[in-house]
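Asks: This is a predicted model, with the sequence first.
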Amino acid sequence: MYLSKKEIDNTKLKKKLYRLFDGNGLYIEITPSGGKYWRFKYRFEGKEKRIAFGVYPDVSLSEAREKREEARKQVAAGIDPVSDKKDKRRKAALNAENTFEAIVREWHVLNKDRWNDVYGRNILHRLELDIFPYIGKMPIASIKPLHLLDALRLIEKRGAGEVARRTLQYCSQAFRYAIITERAERNPALDLKGALRPMRHSHFASIETDDIPTFLQVLERNEARLYAQTRHAVQLLMLTFVRTGELIEATWDEFNLANAEWIIPAERMKMRRQHIVPLSKQALAILNEQKKLTGHWPYVFPNQAYPKKHMSNNTILGAIKRLGYKGQMTGHGFRALAMSTIKEKLGYRHEVVDRQLAHAPANKVDAAYDRAKFLPDRRKMMQEWADYLDKVAGTGKVIHVDFA
């Protein structure tokens, strides 16, 4: 005979636990304290087993019957309901631990030695800012392409299409790591190919060779009233054409002014190889002036407000803006400017300039001795480049210089 709600509600307390049966293995246990617990009894592989369905009235009679029918179907299909329940609990626990944010942070720690410090910090900062607030707490195995796309669309919406693309790449790498470590079965980032808005690829903004004289004159007049060390930073970017991060994070112990040499350690380089920057007389003069200002601090270009930290990249961008070159020039643009002008006006081979730019060597043989490759030519080139800038600075027009 089947149970009724009225019968369950009107059960009497007894000194010992007793049971009321509903049929097909479902029953409810009544404890001496008044607790009412649903149970389902079944046989699996010749053994009698039981599974709990919850507490009445949280689990109603009709809900308990539904659970019974689901369990009976599992048994008929050769699935043990108890083992299946344990597997689901274990999976839920793993999912709680293996959130997208947890896996990304694990992946980031594993790979951070491959990146320079700035690049590694930027990756994590970008994900913390744009991705974690939306899918960071989700189990990584449950993330669908649309979840990720919704977060990326918000980045695109603010006009940062390239940031969205790079962020998608970081996410894809993290998903691949999750698959390798058996925390996910698929990479939803791969399904988003073509889902982001097409980008018109362009290089970092840079003035042309013909614009150099005017730019140098504007920098020299300093009507923008830049701090001395900010002007020095812009001048050194132009003279050395290193990456902005390599300049603003430079410390005094990297410089050998007596040997006219700046050696940037591998951990600060994008390609993770030590890089030699020969210093022209003009660069040395600027560094000597800068040393009078900041030689008592570790960083060559300390932060104005917090001198124990280095200058912000925004300081360089702000200086360029105040000089009147917003949208026309960037800190990175000095690299493109040097490459094109040195090849065109000074006649140096691409390989020589390319090595000074610290680009990745074309092959493993080049990589083996890349640090000092073309070094004599590079020393000569860096001085000629500085002399060239001095010559054009006062003319108002670009001139051809014969250094023979």
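Replies: Perfect, I can see it now.

Asks: Let me know the secondary structure of residue 48.
Replies: strand (DSSP: H, G, I helix; E, B strand; the rest coil).

Asks: Actually, residue 263.
Replies: Residue 263 ends up strand, using three-state DSSP.

Asks: Per-residue confidence, the nearest residue to residue 358 once chain neighbours are set aside, what does it come out as?
Replies: Distances taken as CB to CB, 6 or more residues apart in numbering place residue 275 nearest to residue 358, at 4.7 Å, with adjacent residues excluded. The way it works is simple: take the backbone N, C-alpha and C, and place the C-beta from them, glycine included. Listed pLDDT for residue 275 reads 92.

Asks: And residue 275, how far from residue 355?
Replies: Applying CB to CB, to the nearest Å, the value for residue 275 to residue 355 is 9 Å.

Asks: And for residue 121?
Replies: Computed as CB to CB, the residue 121 to residue 355 distance reads 27 Å.

Asks: Name the residue in those two with the higher neighbour count.
Replies: residue 355 (23 against 13; other CB atoms under 10 Å).

Asks: tell me the SS of that one?
Replies: Residue 355 - assigned by three-state DSSP - is helix.

Asks: Repeat that for residue 223.
Replies: Secondary structure, three-state DSSP: residue 223 is coil.

Asks: Quick check: phi and psi on it?
Replies: phi -70, psi -20 (degrees, to the nearest 10).

Asks: Compute the distance between the nearest residue to residue 33 once chain neighbours are set aside and residue 36, please.
Replies: Among residues not flanking residue 33 along the chain, residue 13 sits closest, at 7.8 Å (CB to CB, 6+ apart). Going from residue 13 to residue 36 by CB to CB gives 11 Å.

Asks: So which of these two has more stuff around it?
Replies: residue 36 (18 against 10).

Asks: which residues does the residue nearest to residue 358 contact?
Replies: Residues near residue 275 by CB atoms under 8 Å, 6 or more residues apart in numbering: 242, 246, 263-264, 269, 358, 371.

Asks: where in the protein is pLDDT low?
Replies: Counting by pLDDT under 70, the chain shows low-confidence ranges at 1, 92-96, 199-203, 360-372, 395-404.

Asks: most centrally placed residue in it?
Replies: residue 123 (1.5 Å; CA atoms, centre = their mean).

Asks: and it, helix, strand or coil?
Replies: helix.

Asks: excluding its backbone neighbours, what's nearest it?
Replies: Here the residue nearest residue 123, using CB to CB, 6+ apart, is residue 170, at 5.6 Å.

Asks: correct me, but that neighbour touches residue 128?
Replies: No. Using CB atoms under 8 Å, residue 170 makes no contact with residue 128, being 11.3 Å away.

Asks: In terms of neighbours, single out the busier of those two.
Replies: With neighbours defined as other CB under 10 Å, residue 170 and residue 128 compare such that residue 170 has more, 20 against 14.

Asks: contacting residues around the more buried one?
Replies: Counted by CB under 8 Å, 6+ apart, residue 170 has contacts 104, 123, 126-127.

Asks: still on that earlier bit, run through the bridge partners of the residue nearest to residue 358.
Replies: Beta-bridge partners recorded for residue 275 (DSSP bridges): residue 264.

Asks: can you tell me how far it sits from residue 178?
Replies: 35 Å.

Asks: Residue 273 too?
Replies: 31 Å.

Asks: the more surrounded of these two?
Replies: Between residue 273 and residue 178, residue 178 has the larger neighbour count (other CB under 10 Å), namely 24 against 15.

Asks: I'd assumed residue 99 was in contact with the more buried one.
Replies: No. Applying CB under 8 Å, one finds residue 178 not in contact with residue 99, separated by 10.6 Å.

Asks: Quick check: neighbours shared by these two?
Replies: By CB under 8 Å, 6+ apart, residue 178 and residue 99 have these common neighbours: residue 140.

Asks: How many neighbouring residues does the closest residue to residue 242 other than its chain neighbours have?
Replies: Counting by CB to CB, 6+ apart, residue 242 lies nearest to residue 277, which is 6.3 Å off, once chain neighbours are set aside. The number of residues packed near residue 277 is 24, by other CB under 10 Å.

Asks: which stretch of helix or strand covers residue 277?
Replies: strand 275-278 (DSSP states H and E).

Asks: Report the buried residues of stretch 28-46.
Replies: In terms of neighbour count (16 or more other CB atoms under 10 Å), stretch 28-46 has its buried residues at 28, 30, 36-40, 42.

Asks: Over to stretch 174-194?
Replies: Buried residues in stretch 174-194 (16+ other CB under 10 Å): 174-175, 177-178, 183-184, 187-189, 192.

Asks: cool, stretch 109-121 as well?
Replies: 115-116, 118, 120.

Asks: tell me the helices in the stretch 251-400 of the chain, going along the chain?
Replies: 281-294, 313-322, 333-341, 350-356, 364-368, 375-393 (DSSP state H, counting those that start in this stretch).

Asks: May I see the buried residues of the longest one?
Replies: It stands for helix 375-393. By neighbour count on 16+ other CB under 10 Å, the buried set for helix 375-393 is 377-389, 392-393.

Asks: counting contacts, what elements does it pack onto?
Replies: With contacts taken as 3 or more CB pairs under 8 Å, 6 or more residues apart in numbering; DSSP states H and E, helix 375-393 sits against helix 212-221, helix 228-240, strand 275-278, helix 281-294, helix 350-356.

Asks: got the angle between it and helix 228-240?
Replies: Relative orientation of helix 375-393 and helix 228-240, computed by axes from the mean of the first three to the mean of the last three CA atoms, to 10 degrees: 120 degrees.

Asks: Next, the angle from helix 375-393 to helix 281-294.
Replies: Going by the same axes, to 10 degrees, helix 375-393 makes 80 degrees with helix 281-294.

Asks: what's next to helix 375-393, contact-wise?
Replies: Helix 375-393 is contacted from outside by 212-213, 216-217, 220, 238-240, 260, 276-283, 338, 341-342, 345-346, 348, 352-353, 355-356, 398-399, 401, 403, using CB under 8 Å, 6+ apart.

Asks: returning to what we had before: need the buried residues of stretch 174-194 in TSV (columns: distance to residue 294 and secondary structure).
Replies: Shown next, in TSV, are these (distance: CB to CB, whole Å; DSSP: H, G, I helix; E, B strand; the rest coil):
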residue	distance to residue 294	secondary structure
174	39	helix
175	44	helix
177	41	helix
178	45	helix
183	47	coil
184	48	coil
187	47	coil
188	48	helix
189	44	helix
192	46	helix
